[in-house]
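Peer 1: Next comes the sequence, and after it the predicted model I'd like to discuss.
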Amino acid sequence: MHQELINFTENLVRSLVKEPDMVKVQEFLGDDEIIQLEIIVHEDDMGTIIGKGGKMASALRVLISAAAYNMNINRVRINIDSF
């Protein structure tokens, strides 16, 4: 379990949304040892997290991937969903 990466992701997403208590990040081990992070936010916050044209989601993926790289985690896949 990569708790440091999960904590980083939760703190990053919570700083962006209106309902920070509803943010949940779960880790799954995917195919070929790929770490999958599932980010779940309140339905009202989906627009904020996705952003116009998906730019915010793309930026989040870059930041989380960079943090994972610094933690010696080579492959991370990020999925964003809502309650």
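Peer 2: Yep, it's here.
Peer 1: Now the residue lying farthest from the centre of the chain: closest residue in space, sequence neighbours ignored.
Peer 2: Residue farthest from the centre of the chain, counting by CA atoms, centre = their mean, is Asp32 at 19.8 Å. Spatially, and ignoring its direct neighbours in sequence, Asp32 is nearest to Arg75 (7.5 Å; CB to CB, 6 or more residues apart in numbering). Placement of C-beta: from N, CA and C, glycine included.
Peer 1: and what of Glu4?
Peer 2: Nearest residue to Glu4, sequence neighbours excluded (CB to CB, 6+ apart): Met71, at 5.9 Å.
Peer 1: in stretch 6-17, what counts as buried?
Peer 2: By neighbour count on 16 or more other CB atoms under 10 Å, the buried set for stretch 6-17 is 6, 8-10, 12-13, 17.
Peer 1: can you name the two of those that are farthest apart?
Peer 2: Spatially, the most separated pair among the buried residues of stretch 6-17 is Ile6 and Val17, at 16.4 Å (CB to CB).
Peer 1: any idea which helix is longest in the chain?
Peer 2: helix 55-70 (DSSP state H).
Peer 1: And the contacts of that helix?
Peer 2: Applying CB atoms under 8 Å, 6 or more residues apart in numbering, the contact partners of helix 55-70 are 2, 5, 8-9, 12-13, 16, 35, 37, 39, 48-51, 74, 76, 78, 80.
Peer 1: Out of those, list just those in strands.
Peer 2: Judged by DSSP state E, the subset of the contacts of helix 55-70 located in strands is 35, 37, 39, 76, 78, 80.
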